[in-house]
Structure formats: C-alpha cells, structure tokens
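1. got a predicted structure here, sequence first:
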Amino acid sequence: MRSSPSEPAGAAVAERPRARGAAVKSEAVAGFDDVTYEEKRKLFEEVRSDLRFPDYLYGCYECGICVAVCPSARFYDFSPRRIAQAAARQDVELIYQQMQEDIWECSQCFSCLRCPRGNNPGGIVTIMREVAVNHGLASAKEALEGYSRIIYKIMSTGTQVSPDMLQPDAFPDWGPEVADVSNQLALWRRALPPETLHTTSTGWDVSDRTLIELYLIWLETGALDMIRDVDEGLHMILEEVMEERLEEEGIER
Amino acid sequence: MPIPVEVMLKKKERFERDPDTIPADFHDELFRLEAEGELIVQRIPDGQPVVEVPTKYGRPKRVPKGHLWHHKSCGQCGHIPGYSTSIFWVMRKLGYDYEDPRDQTSCTAWNYYASATSNEAAQAAVALRNFATAYESGYFPLIHCGTSYGHYKEVRSELLRHPELRAQVRRVMDKLGKPMVLPEEIVHYSEWFYALRHEIAARQVRDFSGIAVTVHPACHYYKLVEGDAIYDPDVYGGQRTAVVTALAEALGAEVRTYSTWFDCCGFGFRHILVQRDFTRSFATIRKIEVMKEEADPDVVLTHDTGCVTTLDKSQFAAQAHGRNVGVAVMSEAQFAALAMGAHPYKVCQLHWHSADYRPLLEKMGIDWEKAWVEFETDVAKLERGEKEFLSWEDVDG
Ligand code: SF4
Ligand code: SF4
C-alpha cells in the first residue's frame, strides 16, 4: 500500500512567498507581479481543496521518472516533476506561474502515473486547469481560443466529434482523404450499416430525451457556468439552447 | 563486456510485481456500498457465457461474450466509422447479440481532458447516466473508446472513495429519475476481442502469416487506473498489456516490438484539435519513425480512438517533409474483421483513413481496386435513390 502524503492536505500554506529554488521554470517568476499574493493563494487553496488532490500527491523523490515518460516534456519547456514539486512545496507563486504558462502543454496521457511515489502530476494539471477555467485566467482564455465550437458541440449534442467537422480547411494537414470524405459525407454516412451512424452533425443519433438529461447534468453540476468567465458569448448561447429545450419539455429547475 | 542478455531474459521470466504496489480490489468497496443500499451493481446477466481474463495484478476479470450495450465512441463513429462498424460486424458474425443505443451520450472526457470545461461531479453524472441506461436496458455495457474506459474507471474510483461526491451525483440522478448504477466490471471492447480471440481465429478466412505488426498500447487503457487492464503471463512475460498483441498473434501475424512502445501517440486531446504541430511531431518522431526503423511493420495496430486518429492522420504532412513514414494504421477490430473476410470499404471503411493501407491489403490477398468498385456500385444505388441506406445484408453480399 502506498504511504500517506508527506505533507497532509490540511497543512497550513505559508503566508508569505517562499524562496524559490531549482524547480522554478525561469529565474524570475515574471509577469504576474500585478496579481496579489492573496489572489494566487486563493487559487492554490482551490486546487488543494479539490477532493482528488490528496489522492494525486504523496510527496516527490525528484527522481524525474515522470519527466522521462512525459511526451510534453520532450517538445515543450514543461515538466511534470516541477508540477508535483510546486504542489508538494505549496509554492503559491510558482503554482500561479504554472497555471498561466505550463498547464495547457500537458497531453493528459497519464504516463506520469508511472511515478514510484504514486503521484499523478497529470491529474494535478487537470485540477489546475479546472481552477484556471473557473476563474477565467488569461491562459485558459488563450488555450480555449478557437476551441469554442467543440465545447458547443459536446455540450449541446452529447457527442464531441462529428463527421461534418472533417473539412479540408480545418484539417489541411490530414491529407486529401479529408476532402473526399467531406465531399461525399451524406452519401458515405448512409452507406454505413449501423443504423445509428447515418448522422452528419453528430457522431451518432442521440435521442431527444437523452439530450435533455445531459442538459440537466451540465446545469445542475455547475459545469455550464464554468465557461462563463472564459467565453461569455458561448456561455450565453448554450444557456439559451438548454433552458429553451427544458422549458419546451416543461421541466422546471 | 558483452551485455548479459541471457541473465536479463531469465530475470524477465521470473518477473513478479512488487506486492507493495498492488492496489486494493475495488470490488470490495463496490459490493459494500451495494450492501448498504448506496448503489446498484449491474451484474453480467445470468446465463450469458463469460470468459475470465487475467489482469495486471493477477485478479481475474469477467468478460461477457454477448448481450452487450455498445457504448460508442464519438471519435470512432464520427471520423473513423469503420472502427465501430467492425466491432459490430465481428460480434454479429460470431453470433452474439447486442444493443446499439440512441440513449447514449459520449463520455465527454475528450473535451474534459482538452479544455477542463467540466468538473468531476458532471463527469461522474454523465458516466452514471450512461450506466443507468445500460442497466435499464438489461444489456451489459461494453466501452468502445479507450478514454471513456479509462475515465469511467477514474470516475468509479472517485465515487467509491468520496461519499460527498456520491451525494452530489445522487441529487442529479434523482432529478433525472435514474438509479445510481455501476457495472461489476468496466469492459473495453479490446478486452472482448482478447477474450474471444480464439473464436475469431477459428473464423479466419485470410492468411495473415506474412503480415508484420507493431502495437501501440493506448495510454488511457492501461495507465489510468491500471489494476483491471489485461496482462497475460504468456504475452510479453506479463510486463505489457496483452490486448491487441494476443489477438494479432492468434491471427497468425508477426508482432514486432520497438523501443518507444510505452510512449503515448501524441494525441494530447487539445493538441490534436488546436495545436497539431506537437501531435504531428510526436507521432512521427517518437512513434512511426521508430517503428519503421526498428520493426518495419506492414500495419500499426492500436485500440483507441485517439491513437488511430493521431498515428494515421499525422503521417501525411510528415511525408511532405521527406520523413520516414508511410505505414497503414487501424484498430485491431478492423484487422480482425479483415481476417474474418470483411469488406475493406463496406465494413472496415478504410477510405476514411489517410495513411496508405493498399500495400497491406495486397499482402492480405485483397484486390482493393475491385473492392472499391463494389463499394462505389453500392453507393451509386443510394445516389439513385434505389435504397436509402446500406444494411448489414448489403455489406456481406
Ligand atoms: S499527463 Fe501530462 S504531465 Fe503526465 S506524462 Fe502525460 S503529458 Fe506529461
Ligand atoms: S516520478 Fe514522482 S517522485 Fe519522481 S519526480 Fe516525478 S512526481 Fe516526483
């Protein structure tokens, strides 16, 4: 069995910024002086109070195994070890910097679960991203630019990837087959033997009742509200789509 | 000094997992919560034939052969529809019944891992809504996507561990009028193919003995909540997951290994959609080129939506840069279907793939030009309005 966290989740966070050591990405934790320490601490507290956080961090040996298996570490100035260490040291300044500069580089592959300590740096990144989105951090806005139509698709239709996304101008690097699919789309979908797959704007045919249930989930769990700060326009459109549909069905919330 | 290969191999034969790293069996908590009335555990329906398969820490896992509720994958259905079609086709050919539901949503985890525009309560509720729907249908869930499978196992761990999360999700499920249900096992389709590999091989009509294969094991299949992924002492000495490889071997193909097998494919969830320079570079440099140099396969087989997409689609641009790429990529479900005589276009839908699969088909003894004419003839019937859709009977004609 794995041992318990070396720094319990309930330990007090340092009131003042601490000296930063080798784990710092760049010498100066630059560019975020305009954000108060209190604000940064509040965000860290939110990360730390996530239910999953104690399961994702058990201290760090600094062995670097997670870095060796990390695809993002190979192509970006990114390191799961730094993520785990900053969290273990509760380095509020560094964690803020990572939320602005690092977290969107992670591939969420979870190769880093190979950590001998039982840490889950990729899982810590997931939580940090959620907090970044919730607070409309600049990094989240930037990362989600050009991504709205995908959020719209998954939240409003229940399938994220649809055949009609395969457009040659969206995927010019995927070869001429994308244009073939796009040109023949409706016909080639009708040639698929499973009856649920004749759709073009959703992955499969999703029933109306199911969509309504999905909308209730987004609304009841606060998932829809999460995007309010990162993309106000998208939030408004989705809210309208969902509430209208629920109203038609006579469902009160 | 020469490398003591013999000593290393002997050690590998004696490979055993460190007992300190063995996680608790989730079933204990699952059945305890059921006994306390907190949730329902969906059992494999009585009378359904079951195959017991070995998992990472030696615990047996029960995989039902039939009466399955297909939890489809949006990436498979949307962009590589021959993947899903092949799963259904093989199941039909072996005579097992199934349900292809319309009251299923995607797990929504691709978006979650890409954008974090959701939270654990929403993710858990999406999972439980699907599980409750399967339970109400009487069919047992079979998960097509590796990410759905990994994510649902994460959701299960969190639900079993955190009463406050269960309470939150229960409130939502009450609103939906649905029960809290978890299946006794979360089963991935590649586990079904592993379990049924000898039945599949018994129906093989094409000779694959000359086909060289490399396998990319999907991260979210065996890295996320690793305990119930299939590991077989007879495959890689039990040190890597056995799915895909065991099937390819049962079909007589030659599985060749390569050094970066543990690396992910480069999918990245958000990267494949909005930062593909990373995806392309990783897929090319760390996967396809290494496979080509070290193993020179005829085909790359994998068992997840994102991996097929990434490894297949990333080769086109790399080819333009003169990189050492150019190898067919498909799921082992499509590979198995081809072995059993499936039509490469009407069933396996290879025209949706990018990397050149034609040399592979030729090696399999398939006349792809003739097959394409057959597909186009059928499509022309749709175009002329003689038929609205092609049916299962049509694709076997
Ligand atoms: S989950 Fe993120 S941090 Fe972990 S190995 Fe994958 S890319 Fe690296
Ligand atoms: S593998 Fe684990 S212990 Fe080692 S550096 Fe990474 S997080 Fe720390």
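-> Done, it's in. Residues are numbered from 1 along each chain as shown, chains lettered A, B, ... in the order given. Ligands and ions are numbered 1, 2, ... in the order given.

2. does residue B:141 count as helix, strand or coil?
-> Using DSSP: H, G, I helix; E, B strand; the rest coil, the three-state assignment for residue B:141 comes out as strand.

3. isn't it up against residue B:188?
-> No - at 10.4 Å, residue B:141 does not count as touching residue B:188 under the criterion of CB atoms under 8 Å. Glycine gets a C-beta too; all of them are placed from N, C-alpha and C.

4. name the helix or strand for residue B:147, please.
-> Assigned by DSSP states H and E, residue B:147 belongs to helix B:146-161.

5. is that helix anywhere near ligand 1?
-> No - judged by CB under 6 Å from any ligand atom, helix B:146-161 stays clear of ligand 1, getting no closer than 11.6 Å.

6. near chain A, which residues of the stretch 151-300 of chain B?
-> With the criterion set to CB under 8 Å from any CB of the partner chain, the stretch 151-300 of chain B comes near chain A through B:158, B:161-162, B:164-165, B:168, B:171-172, B:175-176, B:178, B:219-220, B:223-224, B:226, B:262-264, B:266-271, B:273-274, B:276, B:278, B:280-282, B:286.

7. filter the residues you listed down to the buried ones and hand me the PyMOL line.
-> Filtering those down to the buried ones (16 or more other CB atoms under 10 Å in any protein chain shown) takes a single PyMOL command:
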select buried, chain B and resi 158+162+165+168+172+175+176+178+219+220+223+224+226+263+264+266+267+268+269+270+271+273+274+276+278+280+281+282+286
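
8. which ones among the residues of the stretch 151-300 of chain B next to chain A map onto helices?
-> Counting by DSSP state H, these place B:158, B:161, B:164-165, B:168, B:171-172, B:175-176, B:219-220, B:271, B:273-274, B:276, B:278, B:280-282 in helices.

9. who's in contact with the residue most central in space within chain B?
-> The structure's chain B has its C-alpha centroid closest to residue B:303; by CA atoms, centre = their mean the separation is 3.5 Å. Contacts of residue B:303 were listed using CB atoms under 8 Å, 6 or more residues apart in numbering or on different chains, and they are B:146, B:188-190, B:193, B:217-218, B:221, B:243-244, B:331-333.

10. can you check residue B:91 too?
-> Neighbours of residue B:91 in contact, by CB under 8 Å, 6+ apart: B:66, B:68, B:98, B:192.

11. state whether it is indeed within a helix.
-> Yes - under the criterion used here (three-state DSSP), residue B:91 sits inside a helix.

12. any idea how far the residue of chain A found nearest ligand 1 lies from residue B:30?
-> For chain A and ligand 1, the shortest gap (CB to the nearest ligand atom) falls at residue A:122, measuring 2.5 Å. Distance, residue A:122 to residue B:30, using CB to CB, to the nearest Å: 25 Å.

13. neighbour count: the two, which is higher?
-> residue A:122 (26 against 20; other CB atoms under 10 Å in any protein chain shown).

14. would you check that that one makes contact with residue A:109?
-> Yes - at 7.0 Å, residue A:122 counts as touching residue A:109 under the criterion of CB under 8 Å.

15. low-confidence ranges in the stretch 201-350 of chain B?
-> For the stretch 201-350 of chain B, applying pLDDT under 70 flags no range at all.

16. which residues does the residue lying closest to residue B:314 once chain neighbours are set aside contact?
-> Once flanking residues are discounted, residue B:314 sits nearest to residue B:283: 3.7 Å by CB to CB, 6 or more residues apart in numbering or on different chains. For residue B:283, the contacting residues are B:265-266, B:310-311, B:314-315, by CB under 8 Å, 6+ apart.

17. residue B:292 touches residue B:327, doesn't it?
-> Yes - using CB under 8 Å, residue B:292 is in contact with residue B:327, at 6.4 Å.

18. higher neighbour count, those two?
-> The neighbour comparison of residue B:292 against residue B:327 (other CB under 10 Å) goes to residue B:327, with 24 against 19.

19. hang on, the earlier thing: save the contacts of residue B:283 as a markdown table, and put in distance to ligand 1 too.
-> Conversion of the contacts of residue B:283 to a markdown table gives the following (distance: CB to the nearest ligand atom, whole Å):
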| residue | distance to ligand 1 |
| --- | --- |
| B:265 | 11 |
| B:266 | 10 |
| B:310 | 14 |
| B:311 | 17 |
| B:314 | 17 |
| B:315 | 22 |
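
20. what parts of the stretch 101-250 of chain A come near ligand 1?
-> Residues of the stretch 101-250 of chain A lying near ligand 1 (CB under 6 Å from any ligand atom): A:106-112, A:121-122, A:125.

21. thinking again about what came up before, reformat the contacts of residue B:303 as CSV; add neighbour count.
-> Shown next, in CSV, are the contacts of residue B:303 (neighbours: other CB atoms under 10 Å in any protein chain shown):
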residue, neighbour count
B:146, 26
B:188, 31
B:189, 31
B:190, 30
B:193, 26
B:217, 26
B:218, 31
B:221, 26
B:243, 29
B:244, 29
B:331, 28
B:332, 30
B:333, 32
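
22. out of these, which is nearest to residue A:232?
-> residue B:146 (34.3 Å; CB to CB).

23. is it true that that closest one touches residue B:218?
-> Yes - if you go by CB under 8 Å, residue B:146 and residue B:218 touch, sitting 4.0 Å apart.

24. what touches both of the two?
-> Joint contacts of residue B:146 and residue B:218 (CB under 8 Å, 6+ apart) are B:303-304, B:306-307.

25. how is the chain divided into domains?
-> Using chain A. Domain assignment for chain A, taken from automatic domain parsing, gives A:28-142, A:148-248.

26. wrong one, I was asking about chain B
-> According to automatic domain parsing, the domains of chain B span B:5-189, B:204-373.

27. residue B:356 looks like it's in a strand, true?
-> No - counting by three-state DSSP, one finds residue B:356 to be coil, located in no strand.

28. let me know the pLDDT of it.
-> Residue B:356 carries a pLDDT value of 96.
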